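1. Structure for the following, please:
(2 chains, ligands or ions: 2)
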Amino acid sequence: MSKIETASATIKPPKTNIGIVGWSRAHLFNGWINSALTLFVLYGLYKVVPPFINWAFLHANWAPVSGTCSESSGACWSVVTANIRFILFGFYPHNLQWRPLLAIVILVLLLFFSQNRKRWNMKLLYIWTAGLFIMGVLLKGGLFGLESVETDNWGGLPLTLLLSVFGLAAAYPVGILLALGRQCRMPVIRSFCVVYIELIRGVPLISLLFMSSVVFPLFLPEGVVINKILRAQIAIILFTAAYIAEVVRGGLQGINKGHYEAAESLGLNYFQTMRLVILPQALKIVIPPSVSILISAFKDTSLVVIIALYDLLKTTQSTLTDPKWMGYSSEAYIFVACIYFVCCFAMSNYSRKLEKELDTDRR
Amino acid sequence: MKNSNETPIITIENMHKWYGDFHVLNDINLSVKRGERIVICGPSGSGKSTLIRCINRLEEHQRGKIIVDGTELTKDIKNIEKIRAEVGMVFQHFNLFPHLTILENLTLGPIWVRKIPKKKAEETAMYYLEKVRIAEQAKKFPGQLSGGQQQRVAIARSLCMEPNVMLFDEPTSALDPEMVKEVLDVMISLARDGMTMLVVSHEMGFAKSVAHRVMFMDAGQILEQNDPEEFFGNPQHERTKLFLSQILD
Ligand SMILES: Nc1ncnc2c1ncn2[C@@H]1O[C@H](COP(=O)(O)OP(=O)(O)OP(=O)(O)O)[C@@H](O)[C@H]1O
Ligand SMILES: [Mg+2]
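-> Ligands and ions are numbered 1, 2, ... in the order given. Take a look at the predicted model:
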């Protein structure tokens, strides 16, 4: 046996073990099934990629005027370039659109600034509070000589970002509280949390949004009006929190009972134990599933169209109802998909980075 | 300090505990003097862990009294917190907090419970890390240390709270044999400093050299207690003899 092995080892040309040839031999062509699959995929790519590049770039039309598109065979990006301001900002007054744009820029800068864990302290909290205030003033106006803009006119990307950033940021702590409540020894709190979580998870977000916009106002006293965006915002927070709660509960269960005991025997009280010992570990464990929830919550904000809010997806759709642009939905949707993708990809990328940074077990 | 050496630091009177219908601790009476070192041994399931866990309220007793340094353990959370701050506990599986560095593990209690400024707490922590001979690891995480090192850190963590009593629940039984000695050495030096210690352990060599008193527990009762010489040389009960013959082989 050993003779044969050594013999075959000397026969095998060592060159194929290294370089691109070696790599593809080892990963793409090891065995006939893999080879067949590789060839099949390559053929598929050949059939799809070059035509797509032709359509999307080489023969595409970028001019922001309608009518020129029918002549070319490529993509008609004109639908995006001609309507970009409506897609991004909806019915926000045309001459004031620099304000939501500036707000978005501030938001992106803030997010970028906060990604470094070393900056997570009280100062960051103040910076965010100030930033949110400025963004709010920019959108709403009515202060510092800025012209006031009704929230009914808010729409497009700012609305999507507003709903999701606030939604996710508020849902996370609420979810943690619910998860802790579900483990609480006091029966009243525990049952409340269980009922809440199960109830919310038992209904689709759409029905919650409907309730918040149609049913809920019926219960309000005459004359009291709660802003439509705020109602949608609360529905999103309540909905996402229930899912976060269940994920966090899973993380809490993964914590060794000995850590509770060690914390207790040091004399830490319940809140200190949770805040300093248990939650940091539990939340770290549940980063991947929480991010899945946050990402899907982000995309679910597009459901607010059903209560007539003009989020990014809705403004795009409205553009397409214009007879001039009727046939160009692929281009418009690809554009919106790219925006969604960039946001979601950034979230999942960042979460992976965070996970790696927080990995203190072994190594 | 006024009544040191006179009144016992721990008094347990007619203490009972049940898990459901199971009578784990049956009429425990125990009095521990300041500076006294007691080793508790006995077969598995005899209630040794439960007994010392009752002393800092990780378990609740149902009948009888436990008094630590003049404070009786009741449902009153104030009393419990007071006693926990005064009693240190070392676990079989160390239970260091894996997301904090060694230094942070040590300063957590002092900073949050004793409200000591961070700088001062770190100085104290380094002092005790020095004492358990592991100061050079202060910036590492628990997962990067060996079992023996982790257990020494765990001891130092308890010491940082400056307790009057230290409880040990089989501190060396989860360790590889070659690491047992380094932990026992730390415990011996602690004993030399006059710490009051209750140690659940089957390390009979440790018991002989350090303990003032060795206790044998069986089926939830303290069956026999004596100074080490008498206990090992002349055990009274059949159960004790059987246990010792099994363990000393
Ligand atoms: N939470 C619990 N619920 C029910 N029974 C328990 C619980 N904890 C311990 N017991 C039982 O109580 C008895 C005493 O347990 P304890 O842990 O005090 O024993 P021990 O003397 O420390 O044993 P060992 O040497 O194995 O650690 C055992 O029979 C155990 O099964
Ligand atoms: Mg035990």
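
2. tally of neighbours for residue 237?
-> All of this is about chain A. When neighbours are counted by other C-beta atoms under 10 Å in any protein chain shown, A:Ile237 registers 21. C-beta: built from backbone N, CA, C; applies to glycine.

3. Chain B was what I was after
-> Other residues within reach of B:His237, judged by other C-beta under 10 Å, total 12.

4. ditto for A:Asp300
-> A:Asp300 has 20 neighbouring residues, counting by other C-beta under 10 Å.

5. For the nearest residue to it once chain neighbours are set aside, list the residues it contacts.
-> In this structure, A:Asp300 finds its nearest non-sequential neighbour in A:Leu205, 5.5 Å apart by C-beta to C-beta, 6 or more residues apart in numbering or on different chains. A:Leu205 makes contacts with A:Ala235, A:Ile236, A:Phe239, A:Asp300, A:Leu303, as judged by C-beta atoms under 8 Å, 6 or more residues apart in numbering or on different chains.

6. Likewise for A:Leu138?
-> A:Arg99, A:Pro100, A:Leu102, A:Ala103, A:Ile106, A:Leu146.

7. right, and the first one touches A:Leu139 too?
-> It refers to A:Arg99. Yes: using C-beta atoms under 8 Å as the test, A:Arg99 is close enough to A:Leu139 to be in contact (6.6 Å).

8. Can you give me the distance of B:Tyr19 to B:Leu175?
-> With distances taken as C-beta to C-beta, to the nearest Å, B:Tyr19 is found 28 Å from B:Leu175.

9. out of those two, which sits in the busier spot?
-> Taking other C-beta under 10 Å, B:Tyr19 and B:Leu175 do not tie; B:Leu175 has more neighbours (21 against 11).

10. tell me the SS of that one?
-> Using DSSP: H, G, I helix; E, B strand; the rest coil, the structure places B:Leu175 in coil.

11. Model confidence score at it, please.
-> According to the prediction, B:Leu175 has pLDDT 89.

12. quick one on the thing from earlier: looking at the contacts of A:Leu205, which one is closest to A:Leu252?
-> Closest approach between the contacts of A:Leu205 and A:Leu252, by C-beta to C-beta: A:Phe239, at 21.1 Å.

13. Are any of the contacts of A:Leu138 buried, and if so which?
-> A:Arg99, A:Pro100, A:Ala103, A:Ile106 (16 or more other C-beta atoms under 10 Å in any protein chain shown).

14. Which members of those residues are positioned in strands?
-> Judged by DSSP state E, the buried ones among the contacts of A:Leu138 include no members of strands.

15. returning to that earlier point: if we only consider the contacts of A:Leu138, which is nearest to A:Phe91?
-> Set against A:Phe91, the nearest of the contacts of A:Leu138 by C-beta to C-beta is A:Pro100 (11.4 Å).

16. Contact partners for that closest one?
-> So A:Pro100 contacts A:Phe89, A:Tyr92, A:Leu138, A:Leu139, A:Trp154, A:Gly156, A:Leu157, A:Pro158 (C-beta under 8 Å, 6+ apart).

17. quick check: longest helix of chain A.
-> For chain A, the helix reaching the highest residue count under DSSP state H is reported as helix A:329-358.

18. hey, where'd the helices end up in chain B?
-> All helices of chain B, identified by DSSP H, fall at B:48-55, B:77-86, B:102-112, B:118-131, B:147-160, B:177-192, B:204-210, B:228-233, B:238-248.

19. Let me know which of the ones you listed is the nearest to A:Ala63.
-> helix B:102-112 (60.7 Å).

20. check whether that closest one contacts chain A.
-> Yes: using C-beta under 8 Å from any C-beta of the partner chain, helix B:102-112 reaches chain A at B:Leu108, B:Gly109, B:Trp112.

21. how many other residues sit next to the last one?
-> Looking back up the chat, that one is B:Trp112. For B:Trp112, using other C-beta under 10 Å, the count is 19.

22. low-confidence ranges in the stretch 101-250 of chain A?
-> For the stretch 101-250 of chain A, no stretch is flagged by pLDDT under 70.

23. Low-confidence stretches in chain B?
-> Checking chain B against pLDDT under 70 turns up B:1-6, B:249.

24. What is the end-to-end distance of stretch B:32-50?
-> Using C-alpha to C-alpha, to the nearest Å, the end-to-end distance of stretch B:32-50 comes to 17 Å.

25. That one vs chain A: in contact?
-> No: using C-beta under 8 Å from any C-beta, we find that stretch B:32-50 stays clear of chain A, coming within 11.1 Å at best.

26. Give the residue farthest from the middle of chain B.
-> The C-alpha centroid of chain B is most remote from B:Lys119, which lies 28.0 Å away (C-alpha atoms, centre = their mean).

27. Check the gap between that one and B:Phe97 for me.
-> 21 Å.

28. Assess the claim that B:Phe97 and A:Val277 are in contact.
-> Yes: contact status for B:Phe97 versus A:Val277: in contact at 5.4 Å, counting by C-beta under 8 Å.

29. what about the two, which has more around it?
-> Taking other C-beta under 10 Å, B:Phe97 and A:Val277 do not tie; A:Val277 has more neighbours (25 against 22).

30. Skip the chain neighbours and tell me the closest residue to the more buried one.
-> Using C-beta to C-beta, 6+ apart and skipping the chain neighbours, the partner closest in space to A:Val277 is A:Ala263 (4.5 Å).

31. Output the contacting helices and strands for the helix or strand harbouring the one you found.
-> Using DSSP states H and E, the element containing A:Ala263 is helix A:257-265. The contact analysis (3 or more C-beta pairs under 8 Å, 6 or more residues apart in numbering or on different chains; DSSP states H and E) places helix A:257-265 against strand B:87-90.

32. In the chain, which residue is most central in space?
-> As the question left the chain open, I've gone with chain A. In chain A, the residue lying closest to the centroid (C-alpha atoms, centre = their mean) is A:Ile295, at 3.3 Å.

33. let's do chain B instead
-> Chain B, centroid-nearest residue using C-alpha atoms, centre = their mean: B:Leu167 at 1.3 Å.

34. Quick check: that residue touching B:Phe91?
-> No: contact criterion C-beta under 8 Å: B:Leu167 and B:Phe91 do not qualify, at 9.4 Å.

35. Would you mark the buried spots in the helix or strand just after the helix holding A:Ala263?
-> Using DSSP H and E, the helix or strand that follows helix A:257-265 in sequence is helix A:270-272. By neighbour count on 16+ other C-beta under 10 Å, the buried set for helix A:270-272 is A:Gln272.
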